[in-house]
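**Q** Model the following, please.
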Amino acid sequence: GSPYSLGIESDEDNAFWVLDGFNEHIAWYDFAADHGPGYHDHSDGIVYRYTEMPIERNRHGIPQHLVMDEVSKILFICDTDKKQILWMNTLSGRIANRLDLVNEPLASHQEMENLEWGVFADVNLDKPCGIEVSEDIVYVSDYETGEIIAYDKEGQNELDRIDTGKKGIMGIKMDSNGKLWYVNALTNEVVRIDPK
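**A** Prediction:
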């Protein structure tokens with residue numbers, strides 16, 4: 001139901017947030033019961049589409065990751081071509097109307113309204129691609145500049161930049177020991193950074 005999806009984030013159980021690149025908005029999928037490997041019965045599935053926050057699909061092969069802050073339930077989203085990071089309150093919104101089914105039966109397919117969202121950061125970003133939240137810091141990787149930028153989660157202020165010296169950074173992830181890992185698609189590297 002979401003061709004050209006460029007980012008995905010787990011919510012709970014069998015539910016996921018997806019950056020729907022074809023429709024250029026965020027969608028929430030709940031696959032409900034697990035029907036086992038290889039099965040594609042989604043007739044008990046639920047899909048909510050958050051169309052009030054348009055997101056431009058990157059057409060240059062660069063992912064647009066998203067990450068959930070488990071404390072606030074804010075979703076942070078890379079809007080790569082617009083050179084910005086968006087935030088979305090996943091606890092906001094209500095059902096506006098039922099949408100037609102596209103290619104399979106679902107229990108519910110709804111468009112949402114009254115979403116709380118905004119721009120988290122849009123200064124000195126070129127191609128934001130990867131994103132991670134750890135405690136009070138949001139980390140963003142910039143594919144074009146090779147930088148990793150740290151932001152204050154609450155104040156939205158830039159705290160620091162790390163220049164890796166190599167273009168091509170994609171996904172980033174903080175491990176349980178406080179080490180930040182990233183992948184570089186152009187150099188085929190996996191790299192660990194120890195933030196101070």
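**Q** Remind me which helix or strand the residue lying closest to residue 191 once chain neighbours are set aside belongs to.
**A** Computed as CB to CB, 6 or more residues apart in numbering, the closest residue to residue 191 that is not its neighbour in sequence is residue 182, at 5.6 Å. (Glycine included, C-beta is placed from N, CA and C.) Using DSSP states H and E, the element containing residue 182 is strand 180-184.
**Q** Helix or strand with the lowest mean pLDDT in the protein?
**A** The least trusted helix or strand in the chain, going by mean pLDDT, DSSP states H and E, turns out to be strand 108-113, with a mean of 88.
**Q** partners of it in the sheet?
**A** Using DSSP bridges, strand 108-113 pairs in its sheet with strand 46-50 (parallel), strand 94-98 (antiparallel).
**Q** Export the ones you listed as a markdown table, with columns for mean pLDDT and distance to residue 132.
**A** Below are the strands paired with strand 108-113 laid out as a markdown table (pLDDT from 0 to 100; distance: least, CB to CB, whole Å):
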| stretch | mean pLDDT | distance to residue 132 |
| --- | --- | --- |
| strand 46-50 | 90 | 22 |
| strand 94-98 | 90 | 30 |
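**Q** Which residue lies nearest the spatial centre of this structure?
**A** The residue lying closest to the centre of the chain (CA atoms, centre = their mean) is residue 66, at 1.3 Å.
**Q** Can you give me every residue that contacts that one?
**A** By CB atoms under 8 Å, 6 or more residues apart in numbering, the contact set of residue 66 is 7-9, 17, 19, 26, 75-78, 131.
**Q** between those, which is nearest residue 121?
**A** If you rank these by distance to residue 121 using CB to CB, residue 76 comes first, at 9.2 Å.
**Q** ok so, going back, on contacts alone, who are the packing partners of the strand holding residue 182?
**A** With contacts taken as 3 or more CB pairs under 8 Å, 6 or more residues apart in numbering; DSSP states H and E, strand 180-184 sits against strand 128-134, strand 169-174, strand 189-193.
**Q** mind putting the ones you listed in JSON lines, distance to residue 148 and mean pLDDT included?
**A** Compiled in JSON lines, the helices and strands packed on strand 180-184 are given as follows (distance: least, CB to CB, whole Å; pLDDT from 0 to 100):
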{"stretch": "strand 128-134", "distance to residue 148": "8", "mean pLDDT": "96"}
{"stretch": "strand 169-174", "distance to residue 148": "7", "mean pLDDT": "94"}
{"stretch": "strand 189-193", "distance to residue 148": "7", "mean pLDDT": "93"}
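**Q** Mean neighbour count and distance to residue 118 added to these, as CSV?
**A** CSV is the format used below for those (neighbours: other CB atoms under 10 Å; distance: least, CB to CB, whole Å):
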stretch, mean neighbour count, distance to residue 118
strand 128-134, 23, 16
strand 169-174, 19, 22
strand 189-193, 12, 29
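**Q** Nearest to residue 146, out of the ones you listed?
**A** Distance to residue 146, taken as CB to CB, is lowest for strand 169-174 among the helices and strands packed on strand 180-184, at 5.7 Å.
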